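A.B. asks: Fold the following, please.
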Amino acid sequence: MAPSTPRRPGDRRGLHQGLYLQLTALFLLALKLGQLRGRLDPDRSVALIEELSRIPHKIEEVLRGCSPQCEQLAKEFSNARDFLYLGRGIHFPLRWRER
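C.D. replies: From the prediction side, this is the model:
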């Protein structure tokens, strides 16, 4: 999203981008620390970074595969006055982002 794009109140796109950027930075820091401490060899680091670069494509594949179900759920809940979203375990911070 370009900086000049108008934003509405409650638009959380920037929050999600910031969260994913932080998670990526933490991942890269963990890789570097693993290398410096001798617990992660360079070949494994390269493989992990390549896998990280594939994440956007994998997300697209998953979303394309569940598109009919997502559309049905969107229709079903589009007029809901309230909606409860629970994040559990590692996904708990995402729950706070969706409020």
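
A.B. asks: quick one: the helices in the chain?
C.D. replies: 13-36, 42-53, 55-65, 67-77, 92-97 (DSSP state H).

A.B. asks: could you dump these to JSON lines with distance to residue 83?
C.D. replies: (C-beta placed from N, C-alpha, C; glycine too.) Formatted as JSON lines, the helices of the chain follow (distance: least, C-beta to C-beta, whole Å):
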{"stretch": "helix 13-36", "distance to residue 83": "17"}
{"stretch": "helix 42-53", "distance to residue 83": "31"}
{"stretch": "helix 55-65", "distance to residue 83": "20"}
{"stretch": "helix 67-77", "distance to residue 83": "6"}
{"stretch": "helix 92-97", "distance to residue 83": "12"}
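
A.B. asks: any low-confidence regions in the chain?
C.D. replies: Residues of the chain that meet the criterion pLDDT under 70 lie in 1-16, 85-88, 90-99.

A.B. asks: please redo it, this time with the cut-off set to 90
C.D. replies: 1-23, 42, 56, 59-60, 62-71, 73-74, 76-99 (pLDDT under 90).

A.B. asks: Dump the helices of the chain to JSON lines, plus distance to residue 84 and mean neighbour count.
C.D. replies: Formatted as JSON lines, the helices of the chain follow (distance: least, C-beta to C-beta, whole Å; neighbours: other C-beta atoms under 10 Å):
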{"stretch": "helix 13-36", "distance to residue 84": "19", "mean neighbour count": "12"}
{"stretch": "helix 42-53", "distance to residue 84": "32", "mean neighbour count": "11"}
{"stretch": "helix 55-65", "distance to residue 84": "22", "mean neighbour count": "10"}
{"stretch": "helix 67-77", "distance to residue 84": "11", "mean neighbour count": "10"}
{"stretch": "helix 92-97", "distance to residue 84": "10", "mean neighbour count": "12"}
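
A.B. asks: Contact partners for the residue lying closest to residue 41 once chain neighbours are set aside?
C.D. replies: Spatial nearest neighbour of residue 41, excluding adjacent residues (C-beta to C-beta, 6 or more residues apart in numbering): residue 35 at 7.9 Å. Neighbouring residues of residue 35 by C-beta atoms under 8 Å, 6 or more residues apart in numbering: 41, 42, 45.
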